[in-house]
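>>> Can you look at this prediction? I've put the sequence above it.
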Amino acid sequence: MSDVDPCQLLQQAELIYTEQVVNRAISAIATKLNEEYASSKPIVLCVMGGGVVFTGQLLPQLTFPLEFDYVQATRYHGTTEGKNLEWVIRPKKIIKNRSILILDDILDEGITIKAIVDECKLLGASTVKTAVLVEKTLNKLKPINADYVGLNVPERYVFGCGMDVYGWWRNLPAIYALQNS
């Protein structure tokens with residue numbers, strides 16, 4: 001954890017999306033997933049730890065049978081800048097010939113989620129789709145696009161709803177952005 005005061009971070013942050021807007025976005029994703037996977041039995045992979053809040057709110061709204069598992073890969077290591085990808089938990093080999101739905105908090109530069117998608121394909125998944133709560137708008141091409149996106153956020157460091165800032169505030173029900181420096 002950083003020496004930064006988490007309460008001061010929140011006081012100085014800008015509210016980007018309220019809890020109500022976040023909840024509507026999650027419900028909209030659930031509606032689309034229920035249509036697409038109505039006759040399917042996918043394995044849903046939560047990307048830990050950021051994807052846990054989004055996944056926890058989304059799963060009860062899904063009306064199709066699914067199996068659940070998780071993966072963990074990180075580039076941030078408690079900072080606000082992405083570095084080298086580190087695998088903590090890789091996808092399990094039971095995904096061979098299965099439809100995979102990956103759930104994550106944010107599609108930022110796309111490096112982490114692309115690595116997870118590539119690993120699933122390497123292990124023989126028949127299809128791999130991604131759903132993210134938020135996608136960051138960047139002025140550069142990303143190596144991957146999410147199949148389902150709840151909300152778009154500006155090119156700023158955002159936190160809440162599973163996304164942390166210096167390891168803090170994943171638990172916030174709304175989405176905030178650090179002030180531009």
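Arrived safely. As the structure is a prediction and not an experimental result, all values here were calculated from the model.
>>> List the contacts of the biggest helix by length in the chain.
Ranked by residue count, the top helix of the chain under DSSP state H comes out as helix 19-36. Residues outside helix 19-36 that contact it (C-beta atoms under 8 Å, 6 or more residues apart in numbering) are 17, 54, 57-58, 61-64, 101, 131, 133, 148, 150-151, 161, 173-175. Every residue, glycine included, has its C-beta placed from N, CA and C.
>>> Parallel or antiparallel, list what pairs with the lowest-mean-pLDDT helix or strand in the chain.
Ranked by mean pLDDT, DSSP states H and E, the weakest helix or strand in the chain is strand 86-89, scoring a mean of 86. Partners of strand 86-89 in the sheet, by DSSP bridges, are strand 67-74 (antiparallel).
>>> Strands of this structure, residue ranges please.
14-17, 43-48, 67-74, 86-89, 99-107, 127-136, 148-153, 158-159, 175-177 (DSSP state E).
>>> Which positions within stretch 168-175 qualify as buried?
Trp168, Trp169, Arg170, Leu172, Ala174, Ile175 (16 or more other C-beta atoms under 10 Å).
>>> Ok, which of the strands of the chain comes nearest Val117?
strand 127-136 (5.1 Å; C-beta to C-beta).
>>> between that closest one and strand 148-153, how big is the angle?
Comparing the axes of strand 127-136 and strand 148-153 via axes from the mean of the first three to the mean of the last three C-alpha atoms, to 10 degrees yields an angle of 20 degrees.
>>> Poorly predicted segments of this protein, please.
Scanning the chain for pLDDT under 70 picks out 1-2, 76-83, 181.
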